[in-house]
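1. What would the 3D arrangement of this be:
(one chain, ligands or ions: 1)
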Amino acid sequence: MDAEFWHSRWAENRIGFHLSDINPVLTKYWPTLNMTRSDTVLVPMCGKSVDLAWLAEKHDKVIGIELSDIAVRAFFSEHFYTPMVTSIGNGQTLYEFDEITIHCGDFFATRVDPVDVVYDRAALIAMPENMRKMYTEHLLSMVKAGGRILLVTVDYPQPEMDGPPFSVTKDEVEQLFAGCKITHLDRDDADESHPRRQRGLSRFAEEVWLIEL
Ligand SMILES: C[S@@+](CC[C@H](N)C(=O)[O-])C[C@H]1O[C@@H](n2cnc3c(N)ncnc32)[C@H](O)[C@@H]1O
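-> You can find the predicted model right below:
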């Protein structure tokens, strides 16, 4: 999954991963984390997720990282926000509006001050297996000691479908976040009416994890 793959997806509007409503996982589990307004939030590979706006109602600083400037511009224009746009070199542009800052550029080249909490929806699982260790190490470098990650993964038989999204098993979550406290919060097994099952997957589940550093 190189940058060109994602740039094409956005240019051709092939963004089936985008949800027009707030992700129910976020509304269900975020309040259980007992975060405060001053806790800083990182949303890696944020696309134009409306979850950013929901998080910004609850936190003073919400930081997104996203490769595609089409996605970043769409996020701000669809919310009628006019961001301040600053080129910061190294192929990165900062978009800032009130509580929300989006770093537009390559995640792996982005450095942010360590945050209190991460919301990872469709970021880890957007990475092929050979990039997931590198992704996780870089992510963990941007989280404070004692910080937390709310992680959403999917589980299905990988040979039955090409990702993304890629299936990430419990064993892999445990390997990637070795040394952290890992709590399995939820598993939602899709029934046969789910579009992924209709397209031939013998099973498809969404799982939610709390990772504590
Ligand atoms: C599956 S989408 C998920 C978007 C968002 N998290 C959501 O829930 O709607 C993955 C996103 O990661 C972005 N992306 C992929 N590789 C990236 C990279 N190296 N750096 C920053 N963003 C990247 C893509 O452009 C895409 O918007």
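2. List the buried residues in whichever strand or helix holds residue 207.
-> For residue 207, the host element (DSSP states H and E) is strand 205-212. Within strand 205-212, the residues that count as buried by 16 or more other C-beta atoms under 10 Å are 205, 206, 207, 208, 209, 210, 211. The C-beta positions use only the backbone N, C-alpha and C, and glycine is treated the same way.
3. and it, how far out from the chain's middle?
-> Strand 205-212 sits 12 Å away from the centroid of its parent chain (C-alpha atoms, centre = their mean, to the nearest Å).
4. what does that strand rub up against?
-> For strand 205-212, contacts defined as C-beta atoms under 8 Å, 6 or more residues apart in numbering pick out 25, 29, 33, 146-156, 170, 173, 177, 180-190.
5. one step back: now narrow the buried residues of strand 205-212 to whatever sits close to the ligand.
-> Residues of the buried residues of strand 205-212 in contact with the ligand (C-beta under 6 Å from any ligand atom): none.
6. from those residues, which single one is nearest residue 20?
-> residue 206 (17.5 Å; C-beta to C-beta).
7. sorry, back to before: mind listing what the strand holding residue 207 pairs with, with the direction of each?
-> Strand 205-212 has its sheet partners listed here by DSSP bridges as strand 143-155 (antiparallel), strand 181-189 (antiparallel).
8. what's next to the worst-scoring helix or strand of the chain on mean pLDDT, contact-wise?
-> Within the chain, no helix or strand scores below helix 195-198, which has a mean of 92 by mean pLDDT, DSSP states H and E. With contact meaning C-beta under 8 Å, 6+ apart, helix 195-198 is reached by 156, 161, 190, 191, 192, 203, 204.
9. Could you name the residue of this protein that is farthest from its center?
-> Relative to the centre of the chain, and counting by C-alpha atoms, centre = their mean, the farthest-placed residue is residue 192 at 26.5 Å.
10. Please identify the helix or strand for that one.
-> For residue 192, there is no host helix or strand (DSSP H and E).
11. List, one by one, the residues from the chain near the ligand.
-> Counting by C-beta under 6 Å from any ligand atom, the residues of the chain near the ligand are 6, 17-18, 45-47, 49, 65-68, 71, 106-108, 121-123, 126, 164.
12. Buried members of those into ChimeraX, please.
-> Those of those that count as buried under 16+ other C-beta under 10 Å are selected in ChimeraX with:
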select :6,45,46,47,49,65,66,67,68,71,107,121,122,123,126,164
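13. So which of the residues of the chain next to the ligand belong to strands?
-> Mapping those onto strands (DSSP state E) picks out 65, 66, 121.
14. which residue packs closest to residue 91, ignoring adjacent ones?
-> Distances taken as C-beta to C-beta, 6 or more residues apart in numbering place residue 105 nearest to residue 91, at 5.1 Å, with adjacent residues excluded.
15. With residue 144 instead?
-> residue 114 (4.4 Å).
16. Quick check: nearest residue in space to residue 176, chain neighbours excluded?
-> Nearest-residue entry for residue 176: residue 136, 4.4 Å, with adjacent residues in sequence omitted and distances by C-beta to C-beta, 6+ apart.
17. cool, residue 101 as well?
-> Sequence neighbours aside, residue 63 is the residue nearest to residue 101 in space, at 5.1 Å (criterion: C-beta to C-beta, 6+ apart).
18. shouldn't that neighbour be in contact with residue 39?
-> No. Between residue 63 and residue 39 there is no contact under C-beta atoms under 8 Å: 11.9 Å.
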